[in-house]
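J.: Provided below for reference: sequence and predicted model.
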Amino acid sequence: MKVVIEQDKCVAAGQCVAAAMDVFDQREDDGIVVLLDEYPAPELADDVQQAAAVCPALAIRIED
C-alpha cells in the first residue's frame, strides 16, 4: 500500500491524524497534513483507509 496526500487540498481538520497517528501528522504553523510513512505496515491498513474515508477534503489517496 502506498499513501499519497495532496497538501493543496488539505483543510487542516486533523481527522487523518486521529485515525492513523503513525502515518499522518500536521504542520504546527497551519495544520496542513504531513505524511510520515508513505508505505505503512500492513497492520496499519485499516487505520489508513479510515483516515482517507474521513478526510473532509479527500486529500488522501491509497494506491496498491
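T.: Yep, that arrived. If you're wondering where the values come from, they're calculated on a predicted model, not measured in any experiment. Residues are numbered from 1 along each chain as shown.

J.: And the biggest helix by length in the chain, what's buried?
T.: Of all the elements of type helix in the chain, the one with the most residues (DSSP state H) is helix 45-54. Residues of helix 45-54 classed as buried by neighbour count (16 or more other Cβ atoms under 10 Å): Asp47, Val48, Ala51, Ala52. The C-beta positions use only the backbone N, C-alpha and C, and glycine is treated the same way.

J.: Mind listing residues that contact that helix?
T.: With contacts defined as Cβ atoms under 8 Å, 6 or more residues apart in numbering, helix 45-54 is touched by 1, 3, 15-16, 19-20, 22-24, 40, 60-62.

J.: check which helix or strand covers Asp25.
T.: In the assignment (DSSP states H and E), Asp25 maps to strand 24-26.

J.: What is that strand packed up against?
T.: helix 15-19, strand 33-35 (3 or more Cβ pairs under 8 Å, 6 or more residues apart in numbering; DSSP states H and E).

J.: List just the one of those that sits closest to Lys9.
T.: strand 33-35 (9.2 Å; Cβ to Cβ).

J.: where does the residue of the chain positioned farthest from its centre land in three-state SS?
T.: No residue in the chain sits farther from the centre than Asp29, which is 17.6 Å out by Cα atoms, centre = their mean. Here Asp29 is recorded as coil under DSSP: H, G, I helix; E, B strand; the rest coil.

J.: Would you tell me which one of the buried residues of helix 45-54 comes nearest to Lys9?
T.: Ala52 (12.1 Å).

J.: Just the local confidence number for the closest one, please.
T.: Ala52 carries a pLDDT score of 98 in this model.

J.: Whichever of the contacts of helix 45-54 end up buried, select them in ChimeraX.
T.: A single ChimeraX command selects the buried members of the contacts of helix 45-54 (16+ other Cβ under 10 Å):
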select :3,15,16,19,20,23,24,40,60
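
J.: Can you tell me which of the contacts of helix 45-54 is nearest Lys9?
T.: Ile60 (9.0 Å).

J.: Could I get the contacting residues of the closest one?
T.: Residues near Ile60 by Cβ under 8 Å, 6+ apart: Val3, Val4, Ile5, Glu6, Cys16, Phe24, Val33, Val48, Ala51, Ala52.
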